[in-house]
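**Student:** Got a predicted structure plus its sequence, pasted below:
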Amino acid sequence: MIDKLRTHFYKMMSVACMLLVSVAVFADVVIVGVDPAQESNIRAFVGLAKEPCDAEPWRIQRRTRAIESEVQSALEPFGFYASSVETTLLETEACWQATITVNPGPRVLWRNINVEISGTAADDQSFDYRTAATLQSGMPIRHRDYEQYKQTLQVAALDRGYLEAEFTDAQLNIWPDDLSADMSLAFDSGPRYTVGEIKFVQSILEPSLVTRYVDIRQGDPYDSRSFTSAYRDLTNSGYFRRVDISPEFDLASDRQVPVTVKLERADRIEYTIGAGFATDTGPRFRAGYRNRRVNSRGHRINATLRASPVLSGLSGEYRKPLSDPRSDWLSYAGSVDREDTDTSENNRVQVGVRRSKRLNASWIRTLSVDYSYERFTVGGVDDISRLILPSIAFDHKVADRDLYPTSGRRLSIEVRGADESLGSSTSLVQLVARARWITSLSDKTRLMARISAGITGKDALQELPPTLRFFAGGDESVRGFGYETLGPVDANGDVIGGSNLLVAGLEMERHLRGNIYGAVFVDAGNAFNDTDVDPALSTGLGIKWRSPVGPVRIYLGHPLNKSGRSVRLHISLGAEL
């Protein structure tokens, strides 16, 4: 019974609220002569805009008389101090309507802007107290700019550790008759605080490893940017699910701010599985295993299984962090691979050790030594290769975003070699370089260029396995030609690869609609021996879908020489840089 009464009461209240809303019909107030931001502020100030249709006539008249002063108050924050207003009131049987025509008048401009910094910040070259572009002599005044600058100055001081900073003087003087405004600020930063005791709350990794992710030390001048960097580095490490870095301002003493770093462990084991298709490899399957934290020293294990009609294999890597775990790693790797293309067959077992070090924000250097054993067939000739390959590689990447950059570049260079005196079945020196470049011609158009080059110092090419020979053709090479179907041929006309490579491509992309983009391209290049390049040429059209996980690209490539085929389909997925 009680439930039925409660339900009936709620229904009655709902009906009553609907009746109240339906009764309160408001009149139409039209404001003209100002921009949308000014109109919105005027509407908030003008009391007439809040009166319903059934308001008493005396209330409407009183509200109308107040409009001029209300409009002036609403426009002053925008720098208009001499506005004029004309109000027209139209009454009908149903309601009344008001039209407010506003002439904002001339705008007040900034004249004198004076900012004085005292305290320790006066000698701090990194303390940025420059005024914004809108706070310059001759610019229109807006009160909001003045208040925002004051707030920005206070925040900048706190970020640099000036916790006692304060304004000793803050004046905004308006001279309506002169259409001028003067600003005078005196800001005393006080002393700069330092970082106090840093406490790590975690039981995941050895403390010595965790502290190497953080460049902050007790006694350092306080700077919020260092905490931002520490947060980013700890988060990107992959060890932690949650990172919380908290300066304890309430516990500061002797101008030192203690800091607490709380870390929660991320999932240790990760499995991945995926499938896809590309015309170079056909349908493909991939499964991965990752152990982010083998032990408290931060060691890791990665393993990947790949399967496709062209490329299949199993690879694994054991990694451990070195002196700087953010940029310095030692890895032990091994793989078993099989490659079966139109030009060669290859079975390879490889083990190696490599050290990767980030030199700066955009460059990574990798030193490695690999041992490989390969059984291969090229041009109907079977052979076995045993190589000990030391190498040095540099990788450089700069982009405004990771997934779909509007501007960026990538360069990779690797030098590797082998020598019979060190146990290899042959001697060689090889240089491989690849570069990609992306720029935007407009909001809807991007231009992309790429070039790949390689050179091998080796007399007897037939002693090299396919993995060290150069081939051209395919999705990421000269489109319009099959995967690795371009290069020097033997007496039977079979492609056997070359000692050198030069391939380039130019593509223009245009947004069509949604996540769909169209493209046109031209490719050129070949694998070759000596200096006889003899480039293959192609051109074509493409369409791209920007999926949440990366671009899906479909091209129709038309060979301009070296082929009797008219069009070849290319489907590929992967990063653009």
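**Tutor:** It's in.
**Student:** Output stretch 354-362 as PDB, restricted to C-alpha atoms.
**Tutor:** Taking C-alpha atoms only, stretch 354-362 is exported to PDB below (Å, rounded to 0.1, in the frame of the first residue of the first chain):
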ATOM      1  CA  ARG A 354      72.600  -6.400 -29.200                       C
ATOM      2  CA  ARG A 355      72.800  -3.200 -27.200                       C
ATOM      3  CA  SER A 356      70.300  -0.400 -27.900                       C
ATOM      4  CA  LYS A 357      70.900   3.100 -26.600                       C
ATOM      5  CA  ARG A 358      68.800   6.200 -27.100                       C
ATOM      6  CA  LEU A 359      71.200   9.000 -27.900                       C
ATOM      7  CA  ASN A 360      68.700  11.800 -27.600                       C
ATOM      8  CA  ALA A 361      64.900  12.400 -28.200                       C
ATOM      9  CA  SER A 362      65.000  11.200 -31.800                       C
END
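**Student:** buried stuff in that stretch?
**Tutor:** R354, S356, K357 (16 or more other Cβ atoms under 10 Å). Glycine gets a C-beta too; all of them are placed from N, C-alpha and C.
**Student:** Could you dump those into a markdown table and include pLDDT?
**Tutor:** A markdown table is the format used below for the buried residues of stretch 354-362 (pLDDT from 0 to 100):
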| residue | pLDDT |
| --- | --- |
| R354 | 96 |
| S356 | 95 |
| K357 | 94 |
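**Student:** Filter those down to the ones in strands?
**Tutor:** R354, S356, K357 (DSSP state E).
**Student:** For the second one, name its beta-bridge partners.
**Tutor:** Partner residues in beta bridges with S356, using DSSP bridges, are W329, T366.
**Student:** What's the separation between it and D324?
**Tutor:** Here S356 is placed at a distance of 11 Å from D324 (Cβ to Cβ, to the nearest Å).
**Student:** Could I get the full set of strands for the stretch 201-350 of the chain?
**Tutor:** Along the stretch 201-350 of the chain, the segments classed as strands by DSSP state E, counting those that start in this stretch run 240-247, 256-265, 269-278, 282-291, 300-307, 311-321, 328-340, 344-358.
**Student:** Turn these into JSON lines, including distance to D475.
**Tutor:** Below are the strands of the stretch 201-350 of the chain laid out as JSON lines (distance: least, Cβ to Cβ, whole Å):
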{"stretch": "strand 240-247", "distance to D475": "37"}
{"stretch": "strand 256-265", "distance to D475": "40"}
{"stretch": "strand 269-278", "distance to D475": "6"}
{"stretch": "strand 282-291", "distance to D475": "12"}
{"stretch": "strand 300-307", "distance to D475": "16"}
{"stretch": "strand 311-321", "distance to D475": "13"}
{"stretch": "strand 328-340", "distance to D475": "16"}
{"stretch": "strand 344-358", "distance to D475": "18"}
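**Student:** If I average pLDDT within each of those, which one is lowest?
**Tutor:** Within the strands of the stretch 201-350 of the chain, confidence is poorest for strand 269-278, with a mean of 90 (mean pLDDT).
**Student:** helices and strands around that strand, which ones?
**Tutor:** Identification of packing neighbours for strand 269-278 by 3 or more Cβ pairs under 8 Å, 6 or more residues apart in numbering; DSSP states H and E yields strand 282-291, strand 568-573.
**Student:** how about a cut-off of 10 Å?
**Tutor:** Here strand 269-278 touches strand 282-291, strand 300-307, strand 550-559, strand 568-573, going by 3 or more Cβ pairs under 10 Å, 6 or more residues apart in numbering; DSSP states H and E.
**Student:** need those in a markdown table with mean neighbour count, can you?
**Tutor:** Shown next, in a markdown table, are those (neighbours: other Cβ atoms under 10 Å):
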| stretch | mean neighbour count |
| --- | --- |
| strand 282-291 | 14 |
| strand 300-307 | 16 |
| strand 550-559 | 19 |
| strand 568-573 | 17 |
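**Student:** if we compare the ones you listed, which one ends up closest to V243?
**Tutor:** Checking these against V243 by Cβ to Cβ gives strand 300-307 as the closest, at 18.5 Å.
**Student:** rewinding a little: out of the ones in strands among the buried residues of stretch 354-362, the closest to R565 would be?
**Tutor:** R354 (40.7 Å).
**Student:** quick one: the closest one and S391, what's the gap?
**Tutor:** Note on R354: its distance to S391, by Cβ to Cβ, is 9 Å.
**Student:** what's the answer for D128, then?
**Tutor:** Taken as Cβ to Cβ, the span from D128 to S391 is 45 Å.
**Student:** When the two are compared, which one has more neighbours?
**Tutor:** S391 (18 against 11; other Cβ atoms under 10 Å).
**Student:** The more buried one looks like it's in a strand, true?
**Tutor:** Yes: using DSSP: H, G, I helix; E, B strand; the rest coil, the assignment for S391 is a strand.
**Student:** bridging residues for it?
**Tutor:** Beta-bridge partners for S391, by DSSP bridges, are S368, R416.
**Student:** was I right about it contacting R355?
**Tutor:** No: contact criterion Cβ atoms under 10 Å: S391 and R355 do not qualify, at 11.5 Å.
**Student:** Mind listing the shared neighbours of these two?
**Tutor:** T366, L367, S368, V369 (Cβ atoms under 10 Å, 6 or more residues apart in numbering).
**Student:** Return the closest of the residues you listed with respect to D530.
**Tutor:** For these, the nearest to D530 is S368 (29.2 Å; Cβ to Cβ).
**Student:** Would you check that that closest one makes contact with W329?
**Tutor:** No: if you go by Cβ under 10 Å, S368 and W329 don't touch, sitting 11.8 Å apart.
**Student:** list the residues that contact both of those two?
**Tutor:** By Cβ under 10 Å, 6+ apart, the residues touching both S368 and W329 are R354, R355, S356.
**Student:** on that earlier part again, just curious, which of the shared contacts of S391 and R355 is nearest to D124?
**Tutor:** Using Cβ to Cβ, the shared contacts of S391 and R355 come closest to D124 at T366, 39.5 Å.
**Student:** How many residues are close by that closest one?
**Tutor:** Using other Cβ under 10 Å, T366 has 17 neighbouring residues.
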